[in-house]
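K.L.:
Okay, predicted coordinates and the sequence, questions at the end:
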Amino acid sequence: MTESLATPAFWPLALFRAVTAAQAALVLSQAFLAGEFLSGHFEALAAHGRNGGLVALAMVVQTVAAILLWRRGSGPSWPVRTSLVQIVLAGALIPLGEQRILAVHVPLAVGLAIGTALMTVWAWRWHA
């Protein structure tokens, strides 16, 4: 019986991978929608704003998945801390974008996209 307690469960890793993949798709779509807006499709700005809310919500789900991976799946704790930082960044991006403070919004968004890509790559390469 103690052997089953020591063996990490697979489902937290599968959940974390699914969440990070979905998160990466949402963040990638943010860049696409921003590009569409800059190309003159002004209706894309509203979609960019709505999708930004989904990104922030998905960051919360990613944090929960990271906690489950850490506590139930014998994963490292750093994805939890990184996910918390990403929540703060995603939350900060929303008012910065609404107030059109693009000199801060765009670099933070690029940083968030890079961090999301790195987290997703790590999730799919890590083995328990």
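P.N.:
Great, that's in hand. The structure displayed is predicted, hence computed values, not measured ones. Numbers count the residues shown, from 1 in each chain.
K.L.:
Please count neighbours and contacts with C-alpha atoms only from this point.
P.N.:
OK.
K.L.:
dump the residue contacts of the nearest residue to residue 77 once chain neighbours are set aside.
P.N.:
Once its chain neighbours are removed from consideration, residue 77 has its nearest residue in residue 70; the separation is 5.6 Å (Cα to Cα, 6 or more residues apart in numbering). Neighbour list for residue 70: 76-77, 80 [criterion: Cα atoms under 8 Å, 6 or more residues apart in numbering].
K.L.:
Going through those, which ones are buried?
P.N.:
Neighbour counting by 16 or more other Cα atoms under 10 Å classes residue 80 among these as buried.
K.L.:
ok, back up a step: what's the first helix or strand after the helix or strand encompassing the residue nearest to residue 77?
P.N.:
Assigning secondary structure by DSSP states H and E places residue 70 in helix 44-72. Counting by DSSP H and E, the next helix or strand C-terminal to helix 44-72 is helix 78-98.
K.L.:
Okay, buried residues for whichever helix or strand comes after that following helix please.
P.N.:
Past helix 78-98, heading to the C-terminal end, the next element that is a helix or strand (DSSP H and E) is helix 102-125. When neighbours are counted by 16+ other Cα under 10 Å, the buried residues of helix 102-125 are found to be 105-106, 108-109, 112-113, 115-117, 119-120, 123.
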